[in-house]
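S.K.: Here is my input; please provide its structure:
(one chain, ligands or ions: 2)
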Amino acid sequence: MKIGLIGTGWIGEEHVKRLSGTVSGAEVAAVSDIDPERAEAVAGAAGARVVDSAEKLIEDAEVEAVVVTSWGPAHAEQVLACIAAGKPVFCEKPLTTEAADGLRILEAEQAHGKRLVQVGFMRRYDAGYRQMKAVLDAGGIGAPLMAHCVHRNPDSPESYHSDKPMVDTAVHEVDALRWLLGEEFATAQVVVPRSTSNRYPHLVDPQILLLETASGARVDVEVFVNCRYGYDIQCEIVGETGTVRLPDPAAPVVRSGGRASFAVVQDFPSRFADAFDVELQEWVDSLHTGEPAGPSAWDGYAATVVTNAAVKARRTGAVVPVDLPERPAFYR
Ligand code: NAD
Ligand code: ISE
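M.R.: Numbering: from 1, shown residues only. Ligands and ions are numbered 1, 2, ... in the order given. Just a heads-up that it's a prediction; the model follows:
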């Protein structure tokens, strides 16, 4: 499968390496970026061609499927162009930063008549999350009542502004919890504690997202992107008869000097390396067999509707309804 990749930034480069090395059944034929030097550097290492625009890459006769790893606001037009060209597209999260753009993607994909879009919600491919899902689906903790989640990054760049904790970061928990609990969210609220001094002054950090599902389960998500000590993802679901907790990544426990300790992972590439591998391998496999089976355009859209509501909730202080239309039969 000849892949074209748009956006050779941080994760674009990682995915090019994955698709050229770890993942079988695919090769990167072409890459494109608005920064041509960056594109050249990544293409050189993978033996891929550089194409001078996203539009040309999507239309390129050799490119059979597209990976979109440009920044969020560029995703919508690039995914729509892939649908117009009838090419499968793997788009990194968030599918779109604005819900209205997600709706345009849903309409275009349904008009095309066949699924083409998969969204990069890689937590669904993480072994620990998959184990939690198996426990829940087997009824191992009874009906879920609450979930407590933590999403901590050691630091964030200056370009990271106060909407991003919801649109770019908590969007992972929104998708993971929709998937784990098997239902949509109905309301969103954001509570803001005192901000850390270890942040750029324009950023509100941390933020706490409070969600309510359609059936009345409650989910809280602490997003803290300048926690300094590491990259820490926690998730515990409390049910009627028990709880299930996401395991920490396996690490040796060291007993020394009167302490027992283990190292905390420092970044998301290490925390989710295996999940990224499985995600892209399953996507490539699905290209050979037919339609993508992973997170759909509906999942991307639904998650953005929730994060858009969360942004409004932080700005207004209100509990904001999640205004999600009925899921089309095409996505059931
Ligand atoms: P980045 O800024 O390092 O890279 C983005 C690249 O896209 C840059 O090279 C930029 O020049 C290029 N670009 C921007 N607009 C473009 C356009 N219109 N056409 C072509 N290229 C364009 O960012 P990143 O950290 O690599 O993130 C990229 C995407 O991946 C984001 O949507 C981000 O949310 C997502 N991401 C996902 C995960 C995950 O855990 N799944 C982790 C990191 C990033
Ligand atoms: C980044 O884009 C990711 O997707 C990471 O998984 C997340 O932890 C980080 O906060 C985002 O900025």
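S.K.: which residues touch the spatially most central residue of the chain?
M.R.: In the chain, the residue lying closest to the centroid (C-alpha atoms, centre = their mean) is residue 121, at 3.5 Å. Residues in contact with residue 121, defined by C-beta atoms under 8 Å, 6 or more residues apart in numbering, are 93, 172, 175, 176, 179, 294, 295, 299, 300, 303. The way it works is simple: take the backbone N, C-alpha and C, and place the C-beta from them, glycine included.
S.K.: give me that answer again for 10 Å
M.R.: Residue 121 makes contact with 92-95, 171-172, 174-176, 178-179, 275, 279, 294-295, 299-300, 303, according to C-beta atoms under 10 Å, 6 or more residues apart in numbering.
S.K.: what subset of those residues is also close to ligand 2?
M.R.: residue 172 (C-beta under 6 Å from any ligand atom).
S.K.: Buried ones among the contacts of residue 121?
M.R.: Burial by neighbour count, judged by 16 or more other C-beta atoms under 10 Å, picks out 92-95, 171-172, 174-176, 178-179, 275, 279, 294-295, 299-300, 303 from the contacts of residue 121.
S.K.: In this structure, which helix is the longest?
M.R.: helix 297-316 (DSSP state H).
S.K.: Pull out the buried residues from it.
M.R.: Judged by neighbour count using 16+ other C-beta under 10 Å, the buried positions of helix 297-316 are 297-314.
S.K.: Nearest to ligand 2: which residue in the stretch 151-300 of the chain?
M.R.: Proximity of the stretch 151-300 of the chain to ligand 2 (C-beta to the nearest ligand atom) peaks at residue 169, 3.6 Å away.
S.K.: Looks to me like residue 56 is in a helix.
M.R.: Yes - looking at residue 56 with DSSP: H, G, I helix; E, B strand; the rest coil, it is inside a helix.
S.K.: Start at 53, not 1
M.R.: Taking 53 as the first residue, the last one we looked at is residue 108.
S.K.: What's the separation between it and residue 83?
M.R.: 12 Å (C-beta to C-beta, to the nearest Å).
S.K.: need the residues of the chain near ligand 2, please.
M.R.: Going by C-beta under 6 Å from any ligand atom, the residues of the chain near ligand 2 are 205, 220, 221, 224, 277, 320.
S.K.: Go through the helix or strand that residue 65 is a member of and flag the buried ones.
M.R.: Element membership of residue 65 [criterion: DSSP states H and E] is helix 62-72. Residues 63, 64, 65, 66, 67, 68, 70, 71, 72 are the ones in helix 62-72 that count as buried (16+ other C-beta under 10 Å).
S.K.: closest to ligand 2 among these?
M.R.: Using C-beta to the nearest ligand atom, residue 63 is the member of the buried residues of helix 62-72 that lies nearest ligand 2, at 7.5 Å.
S.K.: pLDDT score assigned to the closest residue in space to the closest one that isn't next to it in sequence?
M.R.: Computed as C-beta to C-beta, 6 or more residues apart in numbering, the closest residue to residue 63 that is not its neighbour in sequence is residue 121, at 5.1 Å. The model reports residue 121 with a pLDDT of 98.
S.K.: what about residue 343, how many neighbours?
M.R.: When counting by other C-beta atoms under 10 Å, one arrives at 13 neighbours for residue 343.
S.K.: wait, residue 103 sits on residue 92?
M.R.: No - Residue 103 lies out of contact with residue 92 (C-beta atoms under 10 Å); the separation is 11.5 Å.
S.K.: Mutual contacts of these two, please.
M.R.: With contacts defined as C-beta under 10 Å, 6+ apart, the residues shared by residue 103 and residue 92 are 83, 85.
S.K.: When these two are compared, which one has more neighbours?
M.R.: Between residue 103 and residue 92, counting by other C-beta under 10 Å, residue 103 is the more crowded of the two (23 against 13).
S.K.: Might you report the residue contacts of the more buried one?
M.R.: Contacts of residue 103 by C-beta under 10 Å, 6+ apart are 56, 58, 81-85, 91, 95, 109-112, 114-115.
S.K.: Quick one, grab the pLDDT at it.
M.R.: Confidence score, pLDDT, at residue 103: 98.
S.K.: With residue 346 instead?
M.R.: 98.
S.K.: all strands of the stretch 203-352 of the chain, in order?
M.R.: Using DSSP state E, counting those that start in this stretch, the strands of the stretch 203-352 of the chain run over residues 237-243, 259-265, 270-276, 284-291, 295-297, 306-308, 311-313.
S.K.: Mind checking the ones you listed for the one nearest to ligand 1?
M.R.: Among those, the nearest to ligand 1 by C-beta to the nearest ligand atom is strand 284-291 (10.3 Å).
S.K.: Residue 176 is in contact with residue 348, isn't it?
M.R.: No - counting by C-beta under 10 Å, residue 348 is not a contact partner of residue 176; they are 11.3 Å apart.
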